[in-house]
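Enquirer: Return a 3D structure for these sequence lines:
(chains A, B, C and D)
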Amino acid sequence: MARIVVSETDFDVGAEIAALTAGRTDIGGIGCFIGTVRDAVPQAGTPIVTALTLEHYPAMTERAIQRITAEAERRWSLLGCTVIHRVGRMQPGENIVLVLAASAHRQAALDATAFLIDWLKTKAPFWKREDLADGGSIWVEARDADDAAAARWQTQ
Amino acid sequence: MARIVVSETDFDVGAEIAALTAGRTDIGGIGCFIGTVRDAVPQAGTPIVTALTLEHYPAMTERAIQRITAEAERRWSLLGCTVIHRVGRMQPGENIVLVLAASAHRQAALDATAFLIDWLKTKAPFWKREDLADGGSIWVEARDADDAAAARWQTQ
Amino acid sequence: MITILYFAWLRERVGLNEEALALPGGHVSVADLTDMLAARGGGYASAFQNRRTIRCAVNQEFADATAVIRDGDEVAFFPPVTGG
Amino acid sequence: MITILYFAWLRERVGLNEEALALPGGHVSVADLTDMLAARGGGYASAFQNRRTIRCAVNQEFADATAVIRDGDEVAFFPPVTGG
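Expert: Now for the predicted structure:
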């Protein structure tokens, strides 16, 4: 059963790993991904993002993430799984999302980690708005590359 | 330039991530892998490993890891890279190895993380000996699957 | 009555977080509801002008254009998701 | 003189961490050095009996069977690596 948190509060990666592995001696590898707020938009390259706001659909969010973690647990022999996604307003450099997947074997841990973040990006109801240095703000557009990354896992 | 540590001392994942990302606002994703001591050997499945000893070739180890991190930095646009490998005797549940790779984009961070652990397993001079519950000990044999995992990256 | 929720730039263009709507025939497809809302003009027309950029959930499950909405359902319209 | 290091089960079978050896002709291939050591019998024969399971480094770089070892070099023999 995965640990799922959707919150405005930042997370502590070390504490989350400790909680996932506490007292266990059957884990061989832990895969981890941390998404953070970047101050440059891909098109510009220069630091122009002053803040990021994550909007979500509260009644649907945790259920959607549960579907994703259940699918990961169906595909790989996981000994632990954590997904924490922040919502609200964040500054550049802050954490947005944490994925942890523990398994007896490293390949399962790494593959499950990549799968979880790919599906979170395309199948969970979050939307990012970037505040820009010029005072404007833009809603981040979904990227074809994210759909392609998520689709990689369909054929398995 | 990667941070490389070979030491008998355990590492603090949270502190290593903090050091890698301190003051930075250009990172979008951090990939992480932690290898831990498992008390079951694959053939048995039951807890029979009482301790793991990591032997290495001190004069060669850091140089071999530097080659691997330099290759990762050549292949992906990394904004930070950390490899910590413990040596000496460890108990089940303890950390063995930490890989961190930070990039503006998640795919680079995840791919570099997988690459680094795959190559560490096959191109750095470490050898694992497992002490068993029956009083004996065995040297862990190299797995064909590890060679295959490392070879995936040759064609790129 | 159904409840309609709007998120991200759909919410901004429509100018509402949510609203209630009485269904004429007791049920309607997602595509037909989209047409009804777009036909209101103004912010609605702007929000719903490009159907390719709109996603929908019915009762907190992703739903396609052919999905049927019934009395009492919660319907949400939003752009393609961009979390993670 | 060259220095020869042994690691993991090669070290245990040979019974030494390292030793010095005078090279007859001033240089030798990894393959020929392996033959010389195996021919000593005892723990050396046991350590070097299956060449497929032995790897070598010359001056801290992985080296194959055709690599040439020269006077002053550090040569290491070990099984396939299993770290990570």
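Enquirer: At the contact with chain C, which residues of chain A appear?
Expert: For chain A, the contact set with chain C under Cβ under 8 Å from any Cβ of the partner chain comprises A:35, A:54-57, A:59-60, A:63-64, A:85, A:96-97, A:117-118, A:120-129, A:139-142, A:146. From N, CA and C alone the C-beta is placed, and that goes for glycine too.
Enquirer: 7 Å instead, please
Expert: Applying Cβ under 7 Å from any Cβ of the partner chain, one finds that chain A approaches chain C through A:35, A:54-55, A:57, A:59-60, A:63, A:85, A:97, A:117, A:120-122, A:124-128, A:139-140, A:142.
Enquirer: Do a quick rundown of the helices in chain A.
Expert: Remark: helices assigned in chain A by DSSP state H are A:13-21, A:58-75, A:106-123, A:144-151.
Enquirer: Of the ones you listed, which is nearest chain D?
Expert: When these are compared by Cβ to the nearest Cβ, helix A:106-123 sits nearest chain D, at 7.7 Å.
Enquirer: What lies in contact with the closest one?
Expert: Residues from elsewhere that reach helix A:106-123 (Cβ atoms under 7 Å, 6 or more residues apart in numbering or on different chains): A:28-33, A:64, A:68-69, A:72, A:76-78, A:83, A:85, A:97, A:99, A:101-103, A:146-147, A:149-150, A:153, B:33, B:35, B:106, B:110, B:114, B:117, B:149, C:81, C:83-84.
Enquirer: Filter the residues you listed down to the buried ones.
Expert: The neighbour-count test (16 or more other Cβ atoms under 10 Å in any protein chain shown) marks A:28-33, A:64, A:68-69, A:72, A:76, A:78, A:83, A:85, A:97, A:99, A:101-103, A:146, A:149-150, A:153, B:33, B:35, B:106, B:110, B:114, B:117, B:149, C:81, C:83-84 as buried among the contacts of helix A:106-123.
Enquirer: Spatially nearest residue to the spatially most central residue of chain A, not counting backbone neighbours?
Expert: Geometric centre of chain A, nearest residue: A:Val97, 4.1 Å, by Cα atoms, centre = their mean. Residue nearest to A:Val97 in three dimensions, not counting chain neighbours: A:Gly35, with 4.1 Å by Cβ to Cβ, 6 or more residues apart in numbering or on different chains.
Enquirer: if I pick the one you found, what's in contact with it?
Expert: A:96-97, B:28-29, B:106, C:84.
Enquirer: Look up which residues are beta-bridged to the residue in chain A positioned nearest to chain C.
Expert: In chain A, the residue found nearest to chain C is A:Phe126; the distance is 2.5 Å by Cβ to the nearest Cβ. Beta-bridge pairing for A:Phe126 (DSSP bridges): A:His56.
Enquirer: Could I get the contacting residues of it?
Expert: Counting by Cβ under 7 Å, 6+ apart, A:Phe126 has contacts A:54, A:56, A:85, C:81-83.
Enquirer: picking that back up, any chance of the contacts of A:Gly35 in TSV, with pLDDT too?
Expert: What follows is those, written out as TSV (pLDDT from 0 to 100):
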residue	pLDDT
A:Ile96	98
A:Val97	98
B:Gly28	97
B:Gly29	98
B:Arg106	96
C:Gly84	94
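Enquirer: any idea which of the residues you listed is closest to A:Ile48?
Expert: Nearest to A:Ile48 among these is B:Gly28, at 14.5 Å by Cβ to Cβ.
Enquirer: isn't the closest one right up against A:Arg38?
Expert: Yes: look at B:Gly28 against A:Arg38 with Cβ atoms under 7 Å: they come within range, at 4.2 Å.
Enquirer: intersection of neighbour lists for these two?
Expert: B:Ala104.
Enquirer: what residue ranges in chain A score low on pLDDT?
Expert: The model of chain A has pLDDT under 70 over residues A:41-45, A:155-156.
Enquirer: Residue most distant from the centroid, it?
Expert: Furthest out from the centre of chain A (Cα atoms, centre = their mean) sits A:Asp134, at 28.5 Å.
Enquirer: buried sites along stretch A:75-91?
Expert: Those would be A:76, A:78-87, A:90, for stretch A:75-91 by 16+ other Cβ under 10 Å.
Enquirer: Okay then, goodbye and thanks.
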